[in-house]
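Colleague: Okay, sequence plus prediction incoming.
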Amino acid sequence: MIFRRKRSKRNLLFVLALCLSCLFSMAAASAAGKQDVRIAVLPLRLAENLELAPGAYEELDAAFRRSVDEAVKKQRSLIAYVPQDESREVYEAIVNRVEGNDDPMVVLEPLAYVLEADIVLQPELIIYQQKDYLTLNQSRTESKMYTASVAGIRLIGYDAAEQKLFTKTETRLYDYEQANVGQASYLARKCMDQALKDTKIKERVAEAAQHIQH
């Protein structure tokens, strides 16, 4: 399932109603006590009208999860990822309650509350283009293939310890000779890595761990 951005209005009353109705599931989940930093990584969102080649969505979604893993690899023993099926089920329930509004700025806070997640992350692909073209030298005796590409990611997250949403938008451009580093998929991955760094995901995990211990 591809998560695509929609236009819809905010409706926080429905969100609060959902949170109250889900208290029973929270009680069951917390019965054994929570020791790990729980991170929920939601599927990649696509900006409205953004189309990808077959297989590209799955590749980029998997790449983001690897970026998260890489960003917190030294803290892996502190972390428990919320199962994807569980995150998806609660996400869809919340979106249904808010009349189809899938805006992360509305959804992520109640999602963290219901899942008992310390950190919730969702990337949104806001631009993704690539074009290969042929160029000739001045004497028109030699030709080279060039690539013009651009990728942009908006990372939206919720930090339960701070009780705040956070966002970071990162864009990369390339226009030079063909190379792996000029592929739009590569640029998107670099955007993901930088966004995670700029939002201080490692520091957030450390803070959440301290909060749990106390």
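Modeller: Yep, it's here. Quick caveat, the model's predicted, so the values are computed rather than measured.
Colleague: Let me see the ranges of the helices in the chain.
Modeller: Using DSSP state H, the helices of the chain run over residues 12-21, 23-29, 56-71, 84-97, 104-115, 184-198, 201-213.
Colleague: Throw those helices into a markdown table and include mean neighbour count, mean pLDDT and distance to residue 152, thanks.
Modeller: To be clear about C-beta, it is placed using only N, CA and C from the backbone, and glycine gets the same treatment. Converted to a markdown table, the helices of the chain look like this (neighbours: other CB atoms under 10 Å; pLDDT from 0 to 100; distance: least, CB to CB, whole Å):
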| stretch | mean neighbour count | mean pLDDT | distance to residue 152 |
| --- | --- | --- | --- |
| helix 12-21 | 14 | 48 | 28 |
| helix 23-29 | 11 | 44 | 36 |
| helix 56-71 | 17 | 95 | 12 |
| helix 84-97 | 17 | 91 | 23 |
| helix 104-115 | 22 | 93 | 16 |
| helix 184-198 | 21 | 96 | 6 |
| helix 201-213 | 16 | 90 | 19 |
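Colleague: Do I have it right that residue 35 meets residue 118?
Modeller: No - using CB atoms under 8 Å, residue 35 is not in contact with residue 118; the gap is 11.5 Å.
Colleague: what's the overlap in contacts for these two?
Modeller: When CB atoms under 8 Å, 6 or more residues apart in numbering defines a contact, the residues bordering residue 35 and residue 118 alike are residue 212.
Colleague: hang on, the earlier thing: dump the helices of the chain into TSV; add distance to residue 132 as well.
Modeller: Output for the helices of the chain, formatted as TSV (distance: least, CB to CB, whole Å):
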stretch	distance to residue 132
helix 12-21	45
helix 23-29	49
helix 56-71	16
helix 84-97	34
helix 104-115	33
helix 184-198	11
helix 201-213	34
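Colleague: Nearest to residue 145, out of those?
Modeller: Ranking the helices of the chain by proximity to residue 145 (CB to CB) places helix 184-198 first, at 15.3 Å.
Colleague: ok, back up a step: of residue 35 and residue 118, which one has the most company?
Modeller: A side-by-side neighbour count of residue 35 and residue 118, using other CB atoms under 10 Å, places residue 118 first with 26 against 11.
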